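J.: need a 3D model of the following:
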Amino acid sequence: MSRIPNGGDIGNLPTLDLHGFRRERAVRDTVAFLEIHQTSWVIVITGSGRHSPEGPVLRGAVESILQRRGMQFSRNTPGTFLVNAATGHSNYYYQDGCAEDTKVVVRDANEEEVAVQLAMRKTTRGYCGTASGRALHRSSSSSGSSENCLGTGPSLVEVARADQELDQARAESLQLVREEASKYKREAKAIRKAVAKSIDEVRKYEDEEEELLRKAVQLSEEQEASEREEEERILREVLRESEKDSKSSCHSDDALREAILRSDCEYNPLASDDSDEASMIRQAIALSLADFHSAVLPE
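T.: Sure, this is the predicted structure:
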């Protein structure tokens with residue numbers, strides 16, 4: 001079995017197995033693991049890449065962390081780091097059992113106060129005491145999971161910033177929904193207005209058509225009545241003229257008869273003898289009068 005420089009066995013060292021992790025998860029777990037084990041040698045397993053393409057990526061990320069922290073380490077195998085966790089420097093310090101970032105962030109007092117108040121309302125996910133973190137790691141180091149250990153979660157300021165961004169995103173989303181709803185209402189109102197206007201125009205057109213048809217029927221009836229009156233007037237006028245002609249003809253007949261009688265009186269021989277010749281003359285006069293009446297009087 002391999003041994004560490006001070007003569008201990010590697011098999012008994014705390015081990016962090018990062019197989020199957022994404023780069024971001026591996027970085028968080030590695031930092032938390034190193035913060036917990038600050039006084040002993042540890043082993044970090046990334047994998048060589050023969051079984052997963054993530055191996056080289058994780059190996060480069062872990063090596064970059066160890067170099068930035070100035071820690072003593074070596075590659076025990078192509079996919080394993082042997083690290084002296086007691087060396088180098090830490091980016092976190094502990095106060096009241098919680099890990100805090102040592103970076104100084106300058107911002108307004110009001111914003112900082114709001115950030116702290118927002119963070120206080122959140123659960124303490126990702127944060128635990130040093131002792132409980134170590135116990136949790138001992139129970140889960142064999143499986144390579146240290147997500148809930150000390151230092152894996154973001155700082156209070158980061159939590160507050162994330163909350164502010166989430167609230168802002170929600171507000172923007174709500175505003176967008178309201179704008180879309182308002183736009184929909186405006187469009188629906190415009191459609192209803194256009195439909196109502198179209199209906200009014202159709203009704204107006206139908207009313208105009210009905211009025212024109214009514215006027216046309218009325219005009220036709222008036223023209224027909226006027227034509228009937230004109231025809232009746234003409235007929236009455238013709239009848240009056242015919243009646244006048246008939247009366248005039250009667251007067252002429254009477255005058256003719258009277259002239260004939262006078263003529264008969266003047267020609268006594270024809271009247272007294274009542275000869276055949278006189279009878280023929282009277283018949284000829286009667287026929288002449290009948291022809292005259294038939295030619296003058298209408299049928």
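J.: backbone dihedrals for T15, both of them.
T.: phi -130, psi 140 (degrees, to the nearest 10).
J.: which residues pair with it across the strands?
T.: Beta-bridge partners of T15, counted by DSSP bridges, are I43.
J.: mind checking how far it is from R25?
T.: 17 Å (Cβ to Cβ, to the nearest Å). No exception for glycine: its C-beta is placed from N, CA and C like everyone else's.
J.: what residues are up against R75?
T.: F81, L82 (Cβ atoms under 8 Å, 6 or more residues apart in numbering).
J.: what pLDDT does it get?
T.: R75 carries a pLDDT score of 83 in this model.
J.: show me what counts as buried in the host helix or strand of it.
T.: Here R75 sits within strand 72-77, counting by DSSP states H and E. Under the neighbour-count criterion of 16 or more other Cβ atoms under 10 Å, strand 72-77 has F73, N76 buried.
J.: within its sheet, name the partner strands of it and how each one runs.
T.: Applying DSSP bridges, one finds strand 72-77 paired with strand 80-84 (antiparallel).
J.: just the CA coordinates of the partner strand, formatted as CSV?
T.: What follows is strand 80-84, C-alpha atoms only, in CSV (Å, rounded to 0.1, in the frame of the first residue of the first chain):
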residue,chain,number,x,y,z
THR,A,80,-5.7,11.3,-8.3
PHE,A,81,-4.2,14.2,-6.4
LEU,A,82,-2.5,13.8,-3.0
VAL,A,83,-2.8,17.1,-1.2
ASN,A,84,-1.4,18.5,2.0
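J.: helix or strand with the lowest mean pLDDT in the protein?
T.: helix 130-140 (a mean of 40; mean pLDDT, DSSP states H and E).
J.: following the chain onward from it, which element is next?
T.: helix 156-266.
J.: pLDDT on that following helix, on average?
T.: 86.
J.: that one packs against which elements?
T.: On a contact count with 3 or more Cβ pairs under 8 Å, 6 or more residues apart in numbering; DSSP states H and E, helix 156-266 meets helix 109-120, helix 268-273, helix 276-296.
J.: which one of those has the lowest average pLDDT?
T.: helix 268-273 (a mean of 50).
J.: torsion angles phi and psi at S40?
T.: phi -150, psi 170.
J.: residue contacts, it?
T.: With Cβ under 8 Å, 6+ apart, S40 has these contacts: L13, P14, A85, A86.
J.: if I look at it, how far off is R59?
T.: 22 Å.
J.: ditto for A32
T.: Taking Cβ to Cβ, one finds A32 at 18 Å from R59.
J.: same check on I65?
T.: 11 Å.
J.: doesn't H89 lie inside a strand?
T.: No: looking at H89 with DSSP: H, G, I helix; E, B strand; the rest coil, it is coil, so not inside a strand.
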